[in-house]
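Trainee: Sequence and predicted structure, then a few things I'm wondering about:
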Amino acid sequence: MRTKKMPWFEFAPNTYEIDEFDCVSVFLFVGTERALLLDTGTGVGDIRGLVEDLTDKPYDVVLTHAHMDHVGGAGWFDEVYMNQKDCGLYPFPPALEQRRSYAQMISRREHKYYAYHVEEDICEWPKTPVIKPLTDGQVFDLGGRTLTFYECAGHTPGEMVAIDDQNRILFCGDACNNHLIFRTAPGDANFVSTEEAGKNLERIWNMRDRYDVMMNSHHDYRAVGGPLSPTVMPNAIQCCKDLVAGTANIMELENPMKKMPGQEPTMTAASLDGISWVLFNPDGIRSLNPEK
Ligand SMILES: [Zn+2]
């Protein structure tokens with residue numbers, strides 16, 4: 001573990017976006033009493049050391065969902081909060097080779113040099129952290145500011161978003177972005193229909209008297225420290241409705257992860273504007289239980 005050279009940006013007072021070498025964005029919130037780390041990245045380099053350079057407050061580690069590019073650094077912490085609905089659906093710890101090949105795929109995509117070494121800085125977890133439950137409505141009081149978490153199943157069954165009351169920002173993990181991935185089908189252990197995902201997004205959209213802007217956990221469609229375009233979430237909600245109604249504008253897109261094991265070369269997607277996309281599984285559009 002030799003590097004702490006991850007770029008970071010204090011984009012609002014005591015609120016940091018840590019850019020894990022374009023793999024993912026990790027956020028750190030510091031209050032008067034405590035701090036909170038949102039996600040741990042793919043686990044490239046010394047995320048714990050960087051956090052403890054940025055704050056001397058005691059802190060909690062909260063995971064938006066169980067994908068490896070968000071939980072990959074969790075093994076350097078004693079305990080993490082995560083929605084139980086994601087537990088058991090994704091490898092924990094994630095496979096080392098998956099973490100390394102994901103970082104290498106990002107590096108190839110960005111054509112950049114990064115100040116880390118794949119073998120030395122992406123390594124096995126020293127321990128497996130205890131998972132503490134994270135539920136809808138859970139509040140973390142950091143002293144003078146709070147983060148409140150809400151379920152938003154779609155990208156994963158246990159995907160969580162958070163509202164930062166100090167900055168009036170919604171942190172939406174992978175629940176909303178320009179390249180929104182809802183690709184499960186009935187029979188998959190992690191199945192969430194596109195219909196249900198859209199309704200869950202709409203619930204969060206309807207809370208916007210409490211936030212002005214949103215930030216997702218990848219910065220490839222926004223600036224580091226800058227918000228996601230305000231059209232992305234309403235467009236995604238409308239795309240989900242159009243898919244259910246059979247009226248969506250559908251295209252085949254190149255799969256940006258196509259070089260990862262088990263990935264197909266293209267993905268089926270719906271879009272209103274040709275800028276933001278909902279990637280879906282044609283077999284997984286409708287809810288099995290329409291009452292849900
Ligand atoms: Zn994800």
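Mentor: Arrived safely, thanks for sending.

Trainee: tell me the contacts of residue 20?
Mentor: By C-beta atoms under 8 Å, 6 or more residues apart in numbering, the contact list for residue 20 reads 6, 26, 41-42, 44-45, 47. No exception for glycine: its C-beta is placed from N, CA and C like everyone else's.

Trainee: Ok, residue 66 next?
Mentor: 82, 86-87, 89-90, 92, 156, 158.

Trainee: for residue 54, same thing?
Mentor: Per C-beta under 8 Å, 6+ apart, neighbours of residue 54: 8, 16, 28, 30.

Trainee: State the pLDDT value of it.
Mentor: As summarised for this prediction, residue 54 has a pLDDT of 96.

Trainee: Next one: the residue in the stretch 151-292 of the chain that the ion sits nearest to from residue 159, what distance?
Mentor: Relative to the ion, the nearest point of the stretch 151-292 of the chain is residue 174 (3.7 Å; C-beta to the ion). Distance of residue 174 to residue 159, computed by C-beta to C-beta, to the nearest Å: 7 Å.

Trainee: So for those two, which sits in the more crowded spot?
Mentor: residue 159 (27 against 24; other C-beta atoms under 10 Å).

Trainee: show me what contacts that one?
Mentor: For residue 159, the contact set (C-beta under 8 Å, 6+ apart) comprises 64-65, 83, 86, 151-153, 173-175.

Trainee: top of those residues by neighbour count?
Mentor: The most crowded member of the contacts of residue 159, judged by other C-beta under 10 Å, is residue 64 (31 neighbours).

Trainee: That one belongs to a helix, doesn't it?
Mentor: No: per DSSP: H, G, I helix; E, B strand; the rest coil, residue 64 lies outside any helix segment and is coil.

Trainee: Could you double-check that it lies in contact with residue 155?
Mentor: No: with contact defined as C-beta atoms under 8 Å, residue 64 does not count as touching residue 155 (9.1 Å).

Trainee: what residues are shared contacts of the two?
Mentor: 173-175.

Trainee: Save those as CSV, and put in secondary structure too.
Mentor: Shown next, in CSV, are the shared contacts of residue 64 and residue 155 (three-state DSSP):
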residue, secondary structure
173, coil
174, coil
175, coil
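
Trainee: Next, format those as TSV and append pLDDT and distance to residue 233.
Mentor: Shown next, in TSV, are the shared contacts of residue 64 and residue 155 (pLDDT from 0 to 100; distance: C-beta to C-beta, whole Å):
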residue	pLDDT	distance to residue 233
173	98	13
174	97	13
175	97	9
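
Trainee: before we move on, the earlier item: right, and the residue of the stretch 151-292 of the chain closest to the ion touches residue 155 too?
Mentor: Yes: between residue 174 and residue 155 there is a contact under C-beta under 8 Å: 4.6 Å.

Trainee: Give me the common contacts of these two.
Mentor: Residues touching both residue 174 and residue 155 by C-beta under 8 Å, 6+ apart: 65, 180-181.

Trainee: helices or strands next to the helix or strand where residue 203 lies in the packing?
Mentor: Residue 203 is located in helix 194-205, with elements delineated by DSSP states H and E. Secondary-structure packing of helix 194-205 (3 or more C-beta pairs under 8 Å, 6 or more residues apart in numbering; DSSP states H and E): strand 146-151, helix 232-245.
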